[in-house]
Each structure stands twice: as structure tokens, then as C-alpha cells.
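Participant: Only the shape, not the letters, is given here:
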């Protein structure tokens, strides 16, 4: 602050007069100038701190994402490894019954009882597979469809029109709504 302004301010204050506004403006301007001079370095430092915080956040987010990706891959691999566990668990009683049937068949030569036991085991196995969504296709008498049938032979047929499945050599199966294995068929020509 200049000495001239200071003296003017003191004279006005001593005489009970209002203080000159120009002094206050000058004083405010000098203070603002001093603050403005130091403000860019403070603002720059704040921006640097903010940039460093954002960079650290970015590093943490990348690390979290990498951990998530690794954990997801491990879970997917484990799921694929043990996906058939439920089905195999349901098949174990079927395997146990086959063991029992074979043991009984070796000890006693009762082939009728063995055949009856194998038939019961087959129905048990068929029920387990049906519960999982497996269904045998009904191909005989149906029009040939390459999505569901695999033609292995064409045969002459008087009782069927051309392109009708007349014989099933190997059953085809659907798993839910997808063809698991097409039926091997003979088609009328």
C-alpha cells in the first residue's frame, strides 16, 4: 500500500469523514493480486493431486477387473469340469443294479431272472435320461427330414410314398429341443 493512500485514509478517519473508496478498492486489489499470484500454484497442486487420485482409482479398477476376469474363468472351468456331476450321481443306482444283476447271473444260471433284471435296469436308466430331457425320436412312417434323419439306404416300397422313413436302423435322440443324434433310417424311393 502506498504511503499517500495511507495518509489520506488516516486524515479521513480522524476528521470523521467516510473513508475514501479508492483506498479500499486499491487495498482489495492488492490483496486480490497477491492471492491471485499464489492461486495458480495452489490450483495446479490441487489438479495434480486430483490427477494422482484418479490414476490410483484407475489402477484399483483395473486390478479389480483382472481379479474378476480370473475368478470368472476359474468358476467357468470348474463348472465345465463338474457339469455332469448331477447326471452321474443319478446314474450310480443304475450301475449298482447292473453289478447286482451280474453277480446274481454268475451265481445262478437263471437267465429269465437275469433278463427281467436287465429289463428293469433299462427302464430305470431310461427314466433317468428322460428326467434330463432325453427323448427318442419316432422316425418310422414320418417324411424324411435331414435335420432329424440320416438316410443310409433307399428301398423300394409299395406301401409307402416316396421320401417316407420305412425302417429305423438306429434310434435318434433329442435332448430337450436339440437333435443329439439323428436317426439312421431307410427311406422309400
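Facilitator: Right, received. Where do you want to start? Nothing here was measured: the structure is a model prediction, and the numbers come from that model. Numbering: from 1, shown residues only.

Participant: When you work out contacts or count neighbours from here on, use the C-alpha atoms and nothing else.
Facilitator: Noted.

Participant: Pull up the per-residue confidence for residue 30.
Facilitator: Looking at residue 30, its pLDDT reads 62.

Participant: what is the mean pLDDT for stretch 86-101?
Facilitator: On average, stretch 86-101 scores 89.

Participant: any idea which helix or strand comes after the lowest-mean-pLDDT helix or strand in the chain?
Facilitator: In the chain, no helix or strand scores lower on mean pLDDT, DSSP states H and E than helix 3-14, which sits at a mean of 54. Per DSSP states H and E, the first helix or strand lying C-terminal to helix 3-14 is helix 21-81.

Participant: Which elements pack onto whichever helix or strand comes after that next one?
Facilitator: On the C-terminal side of helix 21-81, the nearest following helix or strand under DSSP H and E is helix 85-107. Here helix 85-107 touches helix 111-131, going by 3 or more CA pairs under 8 Å, 6 or more residues apart in numbering; DSSP states H and E.

Participant: and the helix it packs on, which residues are buried?
Facilitator: Across helix 111-131, burial judged by 16 or more other CA atoms under 10 Å covers 114, 117-118, 121, 124-126, 128-129.

Participant: Ok, stretch 175-184 next?
Facilitator: 179, 181-184.

Participant: Tell me which of those fall in helices.
Facilitator: Residues of those located in helices (DSSP state H): none.
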